[in-house]
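Novice: below are the sequence and a predicted model for it; my questions follow.
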Amino acid sequence: MREYKNKEGRILHRIICNGCGKIITVQSGMPMEGVFQVRQVWEYMSGKDGEIDNFDLCEECYDRMTAQFQIPLTRTEMVEMV
């Protein structure tokens, strides 16, 4: 969950993990640790047509979630980080 300083400017204040409630510090608009951000737009053929889900997970919650996958995720390394 993202909290903003003001609604007009959308200045990011902090991020709260939707999984465990951990507060992720933000400085100058950037999270100070890894965050998994999801924005899912549900379209036709789903039971959630027209809905949009947003959530954030800290790295620990992300690891816990992906460890439960029946088919492991695919992970590759970036050659350059921009």
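Specialist: Yep, it's here.
Novice: hang on, residue 62 in a helix?
Specialist: Yes: under DSSP: H, G, I helix; E, B strand; the rest coil, residue 62 sits within a helix.
Novice: can you pull the contacts of the residue nearest the centre of the chain?
Specialist: In the chain, the centroid-proximal residue (CA atoms, centre = their mean) is residue 37; its distance is 1.7 Å. By CB atoms under 8 Å, 6 or more residues apart in numbering, residue 37 lies in contact with 54, 55, 56. Bear in mind the C-beta positions are built from the backbone N, C-alpha and C, glycine included.
Novice: my read is it is in a strand, agree?
Specialist: Yes: Residue 37: assigned to a strand according to three-state DSSP.
Novice: confidence score at it?
Specialist: Among the per-residue scores, residue 37 holds a pLDDT of 96.
Novice: excluding sequence neighbours, find me the nearest residue to residue 19.
Specialist: residue 61 (3.3 Å; CB to CB, 6 or more residues apart in numbering).
Novice: picking up where we left off before, buried only: go through the contacts of residue 37 for me.
Specialist: For those, a burial check counting by 16 or more other CB atoms under 10 Å picks out 55, 56.
Novice: taking the contacts of residue 37 one by one, which sit in strands?
Specialist: Residues from those lying in strands, with DSSP state E as the criterion: 54, 55, 56.
Novice: tell me the contacts of residue 42?
Specialist: Applying CB under 8 Å, 6+ apart, the residues near residue 42 are 48, 49, 50, 51, 52, 53.
Novice: list just the nearest of those residues to residue 1.
Specialist: residue 53 (11.8 Å; CB to CB).
Novice: what bridges to that closest one?
Specialist: Beta bridges link residue 53 to residue 40 when assigned by DSSP bridges.
Novice: show me the contacts for it.
Specialist: By CB under 8 Å, 6+ apart, the contact set of residue 53 is 38, 39, 40, 42.
Novice: TSV please, covering the contacts of residue 37 and showing pLDDT and distance to residue 67.
Specialist: Converted to TSV, the contacts of residue 37 look like this (pLDDT from 0 to 100; distance: CB to CB, whole Å):
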residue	pLDDT	distance to residue 67
54	96	23
55	97	18
56	98	18
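Novice: which residue is the nearest non-sequential neighbour of residue 65?
Specialist: That would be residue 57: by CB to CB, 6+ apart, it lies 6.8 Å from residue 65.
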